[in-house]
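Asks: below is the sequence, then the predicted model.
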Amino acid sequence: MIALAGCRSPQSDAYLIEQLRQMGDELNASRQQAADLQSQLDSVKGVLARQDTLLTRIAGMAGIQR
């Protein structure tokens with residue numbers, strides 16, 4: 001069994017290394033996309049909070065209770 005492990009093809013090893021590199025690249029791209037989405041979500045939350053504050057002030061000026 002150990003002797004078979006020593007008979008691996010360099011082409012197979014190169015293919016495996018390339019596949020692992022591509023998987024790493026895709027994982028990094030996914031991480032970057034998740035970070036970008038989180039940034040966009042944080043931005044939307046900020047806009048929503050400002051709009052909520054504005055609507056609360058307008059409702060207060062109009063005498064409307066929440």
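Replies: That came in fine, so what should we check first?

Asks: which helix or strand in the chain has the lowest average pLDDT?
Replies: Lowest on mean pLDDT, DSSP states H and E among the helices and strands of the chain sits helix 2-5, with a mean of 54.

Asks: for the record, mean pLDDT for whichever helix or strand comes after that one?
Replies: Going down the chain from helix 2-5, the next helix or strand is helix 10-61, by DSSP states H and E. Mean pLDDT, helix 10-61: 96.

Asks: so Gly63, which of the three states?
Replies: With DSSP: H, G, I helix; E, B strand; the rest coil as the basis, the three-state label of Gly63 is coil.

Asks: gap between the most centrally placed residue in the chain and Gln40?
Replies: In the chain, the centroid-proximal residue (CA atoms, centre = their mean) is Ala34; its distance is 0.8 Å. Counting by CB to CB, to the nearest Å, the gap from Ala34 to Gln40 is 11 Å. (C-beta placed from N, C-alpha, C; glycine too.)

Asks: likewise Ala59?
Replies: From Ala59 over to Gln40 (counting by CB to CB), the distance is 28 Å.

Asks: could you do Asn28 as well?
Replies: For Asn28, the distance to Gln40 - CB to CB - is 19 Å.

Asks: Leu41: what's it in contact with?
Replies: If a contact means CB atoms under 8 Å, 6 or more residues apart in numbering, then Leu41 has no contacts.

Asks: repeat for Ala14
Replies: Contacts of Ala14 by CB under 8 Å, 6+ apart: none found.

Asks: what about it, distance to Gly46?
Replies: 48 Å.

Asks: tally of neighbours for Leu27?
Replies: 10 (other CB atoms under 10 Å).

Asks: and if you look at Ile64?
Replies: Ile64 has 10 neighbouring residues, counting by other CB under 10 Å.
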